[in-house]
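Asker: the amino acid sequence is not available; the structure is as follows:
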C-alpha cells in the first residue's frame, strides 16, 4: 500500500477509491475510537477557545493563489480533501 498511497498524498497519482476502501477494510478492526467522556467519567467538559488571527500578507497571497486553482476548487466542491 505504501507506494500508491504516498503517490496519492503527494499528488503525483490520482485518488484510487478502490485502494482506499481496501485499506479502510483492513485497518478498521485495529482502530478503536472512543470519546474521553465515554472513557473517563470524572473529566470536566471540554472547553474550546476560538482565537481568530489574521493571515500574514504572504500567507494571504499563498492562500488566494491556492484557492484560485481549479484543482483546489474541484476538491472542495466534491468534499474530497485527498489528492
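Answerer: That came through fine. All figures in this text were calculated on a predicted structure; none of them were measured in a lab.

Asker: any low-confidence regions in this protein?
Answerer: Within the chain, the stretches with pLDDT under 70 are 1-2, 4, 12-13, 37, 80-83.

Asker: repeat that with 80
Answerer: For the chain, the stretches flagged by pLDDT under 80 are 1-16, 32-41, 43, 70, 72-83.

Asker: for it, what spans make up the helices?
Answerer: Using DSSP state H, the helices assigned to the chain run over residues 2-10, 17-27, 36-39, 57-68, 70-78.

Asker: what comes up buried for the longest one?
Answerer: Burial within helix 57-68, assessed by neighbour count using 16 or more other CB atoms under 10 Å, is assigned to no residue. In this view, the C-beta of every residue, glycine as well, is placed from N, C-alpha and C.

Asker: rewinding a little: the helices of the chain: which one's closest to residue 47?
Answerer: Among those, the nearest to residue 47 by CB to CB is helix 36-39 (12.5 Å).

Asker: and the closest one, what's buried?
Answerer: Within helix 36-39, no residue counts as buried by 16+ other CB under 10 Å.

Asker: starting at the chain centroid, how far to it?
Answerer: 24 Å (CA atoms, centre = their mean, to the nearest Å).

Asker: pull the residues that contact it.
Answerer: Contact with helix 36-39 is made by 43, 45-46, as judged by CB atoms under 8 Å, 6 or more residues apart in numbering.

Asker: for the helices of the chain, give me TSV that also has distance to residue 51.
Answerer: Putting the helices of the chain into TSV (distance: least, CB to CB, whole Å) gives the following:
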stretch	distance to residue 51
helix 2-10	29
helix 17-27	34
helix 36-39	22
helix 57-68	16
helix 70-78	24
